[in-house]
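Participant: take this sequence and fold it.
(chains A and B)
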Amino acid sequence: MAGQSNHELSLFSAEELEFIAEDEIVDIVPNLKMDPLCLVSGDFGPFTPQIVTQVPLWLAIALKRRGKCSIVPPQWMSVEKLTQVLEEERDSQEMSEHLPFHYVEISRLLFDHARDNIPDAYMVRSLIEDIRDVRFHKVETDLEGFNGFTIAVKIKNLSAMEVNIVRPFIGRALQAFYKHDSPELIPDPERVSERRPQVAQNAPRRQLRR
Amino acid sequence: MFLSQIVSVIFKKEASGVGIDPSSEADFIEVDSKVELPFWLAHELQLRQAVSVNVPPCFNQKTRLEIQADCASVDIRSRCPYFYEFGCKIAPIVGDRTIGVLLLSAFKNRYKEILTKAHTAAIAAGSKFWTILTNEEINLYETAQSAMASFKKWRMGGPRFQIASILGRKRKPAE
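Facilitator: Okay, the predicted model is just below:
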């Protein structure tokens, strides 16, 4: 499952999630002329100066680092949209559906590599932090509802990073619940009384010796 | 491990030539004598119907009442660091069905506390809380903390395109 990261509970590391998020498609405005790139994941381009084109995030960042393009921040990453989402998150216990699955990773990558392309970068960043906090708090409240009868938990629109943070905890907690709720622990008196004489018959009588 | 937890047992058969009980004068254990043994030995003897196992003090009535009253702040660790594991093993042996219910309800209530504290509180602030958890709960707490810590580390770290160590190395001159 998870590549190099540790853990018996198959946890992705944050870096691995970031790597996965780099396959998301973003808009860029190139400033060079280049033929289409034919890659395993598809063909991208052709690249013409000032003409918007779509590429995977990793390619956008590579071009950006060489000064060959500017990245168009995704629609959801505007102050207006994020304020809406934040309000929505605060108002209801449901997770907002207006954020992409990899919003934490994408925003981090864009802030690291294309900060100058994001209008009101500071504001956008703090909004995303706030949204993340509100959402995480909701996840915690949802998880508090766990009891011995829980076999699964349903949280809609949870993002990759959020689920990754709570995954090891939930895994262990559910294991513990399962273990303590298993019927063997609360044995049927009849079944136990059936079992005991059997053991007695088979067990040889022995004197204890030093 | 919980195998070496001490449990008190009552012998149902005579046993000679055993030095289990250091306080006894004779090298002999009478029927109905009460002896404290490690759990693994008690279990084996119980299978052979040589002893009957008493309910250990960490599952007695007093502890139960405390757990029912204020589960989250009971210091279970000092009673038995392997509370849950030990409980699972001992329940069928002493034939007490209520231990299972007790374990489940204890875990259910304490779980919430661990959930909120593990993902938010700093480790220093949680130190008092830390001392009352059983081993299983500590594992759970640490799992959550380490997941959160590694996320925070990732979020704080600057841009990094790592160069594989093999590429960074200078080529050695051919010998």
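
Participant: leaving out chain neighbours, which residue sits closest to the closest residue to chain A within chain B?
Facilitator: With C-beta to the nearest C-beta, the shortest gap between chain B and chain A falls at B:Trp154, namely 3.4 Å. Every residue, glycine included, has its C-beta placed from N, CA and C. In space, and not counting its chain neighbours, B:Trp154 is closest to A:Ala14: 3.4 Å by C-beta to C-beta, 6 or more residues apart in numbering or on different chains.

Participant: picking up where we left off before, just how off-centre is the strand or helix carrying the residue of chain B closest to chain A within its chain?
Facilitator: Secondary structure assignment for B:Trp154, by DSSP states H and E: helix B:135-156. On the basis of C-alpha atoms, centre = their mean, to the nearest Å, helix B:135-156 sits 20 Å off its chain's mean C-alpha point.

Participant: how is chain A divided into domains?
Facilitator: According to automatic domain parsing, chain A comprises the domains A:1-72, A:74-210.

Participant: reformat these as TSV; add mean pLDDT and mean neighbour count.
Facilitator: Listed next are these as TSV, based on pLDDT from 0 to 100; neighbours: other C-beta atoms under 10 Å in any protein chain shown:
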stretch	mean pLDDT	mean neighbour count
domain A:1-72	84	15
domain A:74-210	77	16
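
Participant: turn those domains into TSV, columns for distance to B:Thr98.
Facilitator: Shown next, in TSV, are these (distance: least, C-beta to C-beta, whole Å):
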stretch	distance to B:Thr98
domain A:1-72	32
domain A:74-210	8
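
Participant: before we move on, the earlier item: tell me how many other residues crowd the residue of chain B closest to chain A.
Facilitator: 18 (other C-beta atoms under 10 Å in any protein chain shown).

Participant: would you map the strands across chain B?
Facilitator: B:6-11, B:15-16, B:28-29, B:34-38, B:51-53 (DSSP state E).

Participant: only the buried residues of the first one, if you could.
Facilitator: So that's strand B:6-11. B:Val7, B:Val9, B:Phe11 (16 or more other C-beta atoms under 10 Å in any protein chain shown).

Participant: contacting residues around the residue most central in space within chain B?
Facilitator: The residue lying closest to the centre of chain B (C-alpha atoms, centre = their mean) is B:Tyr82, at 1.8 Å. B:Tyr82 is in contact with B:Met1, B:Phe2, B:Gln5, B:Thr134, B:Asn135, B:Glu136, counting by C-beta atoms under 8 Å, 6 or more residues apart in numbering or on different chains.

Participant: hmm, try it at 6 Å
Facilitator: B:Tyr82 is in contact with B:Phe2, B:Asn135, counting by C-beta atoms under 6 Å, 6 or more residues apart in numbering or on different chains.

Participant: per-residue confidence at it?
Facilitator: As predicted, B:Tyr82 sits at a pLDDT of 84.

Participant: ok, so what distance separates it from A:Arg65?
Facilitator: 53 Å (C-beta to C-beta, to the nearest Å).

Participant: ok, B:Ala91 next?
Facilitator: 61 Å.

Participant: next one: B:Asn109
Facilitator: 52 Å.

Participant: correct me if wrong: A:Glu88 contacts A:Ser96.
Facilitator: Yes - contact status for A:Glu88 versus A:Ser96: in contact at 4.8 Å, counting by C-beta atoms under 6 Å.

Participant: hang on, the earlier thing: buried residues in the helix holding B:Trp154?
Facilitator: Buried residues in helix B:135-156 (16+ other C-beta under 10 Å): B:135-137, B:140-148, B:150-151, B:154.

Participant: by contact count, what packs against that helix?
Facilitator: Helices and strands touching helix B:135-156, as assessed by 3 or more C-beta pairs under 6 Å, 6 or more residues apart in numbering or on different chains; DSSP states H and E, comprise helix A:14-21, helix A:160-181, helix B:98-120.

Participant: kindly recompute the last result at 8 Å.
Facilitator: helix A:14-21, helix A:160-181, helix B:83-94, helix B:98-120 (3 or more C-beta pairs under 8 Å, 6 or more residues apart in numbering or on different chains; DSSP states H and E).

Participant: just put the ones you listed in a markdown table and tack on distance to B:Leu41.
Facilitator: Below are the helices and strands packed on helix B:135-156 laid out as a markdown table (distance: least, C-beta to C-beta, whole Å):
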| stretch | distance to B:Leu41 |
| --- | --- |
| helix A:14-21 | 47 |
| helix A:160-181 | 25 |
| helix B:83-94 | 12 |
| helix B:98-120 | 20 |
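
Participant: out of these, flag the one nearest B:Arg64.
Facilitator: Taking C-beta to C-beta, helix B:98-120 is the member of those nearest to B:Arg64, at 5.9 Å.

Participant: is any part of that closest one close to chain A?
Facilitator: Yes - counting by C-beta under 8 Å from any C-beta of the partner chain, chain A has neighbours in helix B:98-120: B:99-101, B:103-104, B:107-108, B:111-112, B:115-116, B:118-119.

Participant: can you confirm whether the longest helix seen in chain A lies near chain B?
Facilitator: When chain A is parsed with DSSP state H, its longest helix is helix A:121-144. Yes - against chain B, helix A:121-144 shows contacts by C-beta under 8 Å from any C-beta at A:Phe136, A:Glu140, A:Leu143, A:Glu144.
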